[in-house]
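J.: Kindly return the folded structure for what I paste below:
(one chain, ligands or ions: 1)
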Amino acid sequence: MSAATRYTDATRQAVTYRAGRVLLAGDAAHIHSPAGGQGLNLGIGDAMNLGWKLAATVRGRAPEGLLDGYTEERHPVGAWVQGWSDAQSALGRPDARSAALRAVVADLLDTVPGATYVLKQISGVGRLHGRVAPDLVLDDGSDLARHCRTARFLLVTRDPGLVARAEGFADRLTVLPGSPAMLVRPDGFVAWTGEPPADPFAHWLR
Ligand SMILES: Cc1cc2nc3c(=O)[nH]c(=O)nc-3n(C[C@H](O)[C@H](O)[C@H](O)COP(=O)(O)OP(=O)(O)OC[C@H]3O[C@@H](n4cnc5c(N)ncnc54)[C@H](O)[C@@H]3O)c2cc1C
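T.: Residues are numbered from 1 along each chain as shown. Below is the predicted model:
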């Protein structure tokens, strides 16, 4: 299959994704070269981050600042993707110096540390906090990923005290037996992991 289309490597990002009641997501918030094929994914990530925050705000259940967290969390991701896309555009230039640089990068990608670095950057694996929840097998044999489909908050813990503190949020939060302890947001991102903060739900639930 072939396609006849035109596009450029124009790269732009809105300074903020929120101005009062106006919220930007997807290509309205950021554009960049299609190189690397990340634009659509970036927009879906915006929508997932924004959707549950907007719903909580509309229902009057959002803690102070929850909606502002949308720009705080997604703007750096957009800037990061644009950096990678810019780098790929630079590597794709047809001049001799860019060809030499491509050869050097290709050599680096042939090394284990080089390939590992790129894979970690693209897949986002590494530290858990602020990342998509890993697919843990829980104590009851179920997969954490399956529970993420419910779009509820998920609290993974073996601590009965923490379970008791979560009872007030039972309409929006599911407690799951397992380790490491973590709070997973409705968009599947880890709010915290390991030692719970002093008020484990304060930033997320009201
Ligand atoms: C050649 C090419 C290849 C790509 N390949 C990939 C890829 O492999 N992987 C990837 O993740 N991304 C890819 N992308 C990027 C991806 O296509 C975009 O990031 C994505 O489509 C943006 O989605 P969006 O909904 O934010 O915006 P859009 O898809 O632009 O949707 C906006 C919609 O709003 C409508 N609209 C505009 N103004 C108005 C108005 N005033 N009233 C009502 N409706 C309006 C438009 O008609 C449009 O339907 C590629 C892009 C290009 C150009």
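J.: Distance check, the residue lying closest to T11 once chain neighbours are set aside against R97.
T.: Distance criterion Cβ to Cβ, 6 or more residues apart in numbering; nearest residue to T11, sequence neighbours excluded, is H32 at 4.6 Å. The C-beta positions use only the backbone N, C-alpha and C, and glycine is treated the same way. Distance of H32 to R97, given as Cβ to Cβ, to the nearest Å: 22 Å.
J.: Name the residue in the two with the higher neighbour count.
T.: H32 (25 against 8; other Cβ atoms under 10 Å).
J.: for that one, what are its contacts?
T.: 9-12, 39, 81-82, 85-86 (Cβ atoms under 8 Å, 6 or more residues apart in numbering).
J.: So which of these sit within helices?
T.: 39, 81-82, 85-86 (DSSP state H).
J.: Confirm that P113 lies within a helix, as I assumed.
T.: Yes: checked against DSSP: H, G, I helix; E, B strand; the rest coil, P113 lies within a helix.
J.: begin at 36 from here
T.: Taking 36 as the first residue, the last one we looked at is P148.
J.: what number of residues lie near the residue nearest to L59 when sequence neighbours are not counted?
T.: Counting by Cβ to Cβ, 6+ apart, Y52 is the residue found nearest to L59 once chain neighbours are left out, at 4.7 Å. Y52 is flanked by 24 other residues according to other Cβ under 10 Å.
J.: show me the contacts for Y52.
T.: 58-60, 64, 81, 105-106, 109-110.
J.: Can you tell me which of those residues is nearest K155?
T.: For the contacts of Y52, the residue nearest K155 by Cβ to Cβ is R109; the value is 20.3 Å.
J.: picking up where we left off before, the ligand next: which of the ones in helices among the contacts of H67 are close?
T.: G74 (Cβ under 6 Å from any ligand atom).
J.: Among the ones in helices among the contacts of H67, which one is most surrounded by other residues?
T.: Ranking these using other Cβ under 10 Å puts S120 first, with 23 neighbours.
J.: what packs against the lowest-mean-pLDDT helix or strand in the chain?
T.: Least confident helix or strand, the chain: helix 147-158 with a mean of 86, by mean pLDDT, DSSP states H and E. If you count contacts as 3 or more Cβ pairs under 8 Å, 6 or more residues apart in numbering; DSSP states H and E, helix 147-158 packs onto helix 131-144.
J.: what is the orientation angle of the helix it packs on with helix 147-158?
T.: 100 degrees (axes from the mean of the first three to the mean of the last three Cα atoms, to 10 degrees).
J.: show me the contacts for the residue of the chain found nearest the ligand.
T.: Residue of the chain nearest the ligand, by Cβ to the nearest ligand atom: G61 (2.2 Å). Shown in contact with G61 (Cβ under 8 Å, 6+ apart): 77-78, 81-82.
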